[in-house]
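K.L.:
Quick one, fold the following:
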Amino acid sequence: METWTPYCGAGPSPAEIWSRWNLDPLLLGALVLTYAWLWVAVPTRRGLAFASVTLLLVSFVSPLCALSSALFSARTAHHVLLTSLAAPLMAWALPRPRASRSLAAATLVFAGAFWLWHVPALYEAALSNHGVYWLMQVSMLASAMMFWRAVRAAPVPAAVAALLATTVQMGLLGALLTFMPRALYTPHALTTGSWGLSPLDDQQLAGLVMWIPAAGVYLAAALALLGRRLRSASGLAAR
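P.N.:
Model prediction:
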């Protein structure tokens, strides 16, 4: 039988979850250095920047990291924190890009990374090798950062179109996971039972998380940009 050695350790039971903090010194050192760099680099938007890095701390240091070894739904929530919350906060904390980036390319790269790491074989590789695990995390976070910074730099109509396209593709992946008739992810086959879920239940819950709240972030962002554009146009018309 395949032995899974996730970065955050074996999947915990409910009784031990609150003892499973990840105190990897390299990770903690990297987070401290990131806080220090942001203190200097973004003096006017430290709140947004620190909130972004705090979400990284929650994702990788708190018991959520260990829980994501047990439950695919927790892994999905973990990735939502990275790509849909931490990444846009950091994108708006950093200086606005001077030139418009290729929004179409950024959208495709982000979608590609998201779908690629949900291929069962690649997902299994990430949970059996620390190097592949960090490749998954870094590529998803980096592609999300690239996407959100491109959205910030783009004209509103193009940004809204990219956000709506992302809403659709993320919702589609969520729907596929929700309605799939069998569980796809072997690393969680023996770790969901102690949480009162079958592997298929866990996968369906993950699909719902991706389909509704995760995709909803991109829809809400599109509506917010569109609403701001309409208010601006109304103000100009009134003057």
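K.L.:
which ones are touching the residue nearest to residue 57 when sequence neighbours are not counted?
P.N.:
With sequence-adjacent residues excluded and distances taken as Cβ to Cβ, 6 or more residues apart in numbering, residue 57 is closest to residue 31, at 5.7 Å. All C-beta atoms are positioned from the backbone trio N, CA, C, and that covers glycine. If you count contacts by Cβ atoms under 8 Å, 6 or more residues apart in numbering, residue 31 has them with 53, 56, 57, 61.
K.L.:
is it true that residue 17 touches residue 62?
P.N.:
No: counting by Cβ atoms under 8 Å, residue 17 sits too far from residue 62 to count as a contact (10.1 Å).
K.L.:
which among the contacts of residue 31 gets closest to residue 176?
P.N.:
Using Cβ to Cβ, residue 56 comes nearest to residue 176 of the contacts of residue 31, at 27.9 Å.
K.L.:
and that closest one, what does it touch?
P.N.:
Counting by Cβ under 8 Å, 6+ apart, residue 56 touches 31, 34, 82, 86.
K.L.:
go on, residue 102?
P.N.:
Contact analysis of residue 102 by Cβ under 8 Å, 6+ apart lists residue 150.
K.L.:
Next one: it from residue 122, what distance?
P.N.:
Look at residue 102 and residue 122: by Cβ to Cβ, to the nearest Å, they are 25 Å apart.
K.L.:
Low-confidence stretches in the chain?
P.N.:
Where the chain drops to pLDDT under 70, the residues are 1-4, 99-101, 232-239.
K.L.:
what separates the residue nearest to residue 192 when sequence neighbours are not counted from residue 42, distance-wise?
P.N.:
Here the nearest residue to residue 192 in space, its sequence neighbours aside, is residue 202; by Cβ to Cβ, 6+ apart that works out to 4.5 Å. As for residue 202, its distance to residue 42 is 38 Å (criterion: Cβ to Cβ).
K.L.:
In terms of packing, which of these two has more residues around it?
P.N.:
Taking neighbours as other Cβ atoms under 10 Å, residue 202 and residue 42 compare with residue 202 leading, 26 against 17.
K.L.:
Which helix or which strand is home to the more buried one?
P.N.:
Under the criterion of DSSP states H and E, residue 202 resides in helix 199-209.
K.L.:
Now that helix: buried residues?
P.N.:
Within helix 199-209, the residues that qualify as buried are 199, 202, 203, 204, 205, 206, 207, 208, 209, counting by 16 or more other Cβ atoms under 10 Å.
K.L.:
Any figure for the gap between the first one and residue 182?
P.N.:
Noted for residue 199: a distance of 9 Å to residue 182, by Cβ to Cβ.
K.L.:
same check, this time on the last one
P.N.:
Between residue 209 and residue 182 the distance is 19 Å, computed by Cβ to Cβ.
K.L.:
Repeat that for the second one.
P.N.:
Going from residue 202 to residue 182 by Cβ to Cβ gives 12 Å.
K.L.:
same check, this time on the fifth one
P.N.:
According to Cβ to Cβ, residue 205 and residue 182 sit 15 Å apart.
K.L.:
Now do the helices in the chain.
P.N.:
25-41, 46-60, 63-70, 72-80, 87-93, 103-116, 120-126, 130-153, 156-179, 199-209, 215-238 (DSSP state H).
K.L.:
To residue 13, which of those lies closest?
P.N.:
helix 63-70 (8.0 Å).
K.L.:
Need the residues that contact that closest one.
P.N.:
Identification of contacts with helix 63-70 by Cβ under 8 Å, 6+ apart yields 4, 6-12, 17-18, 20-22, 58-59, 74-75, 77-78, 81, 127, 187-188, 191-192, 194-195.
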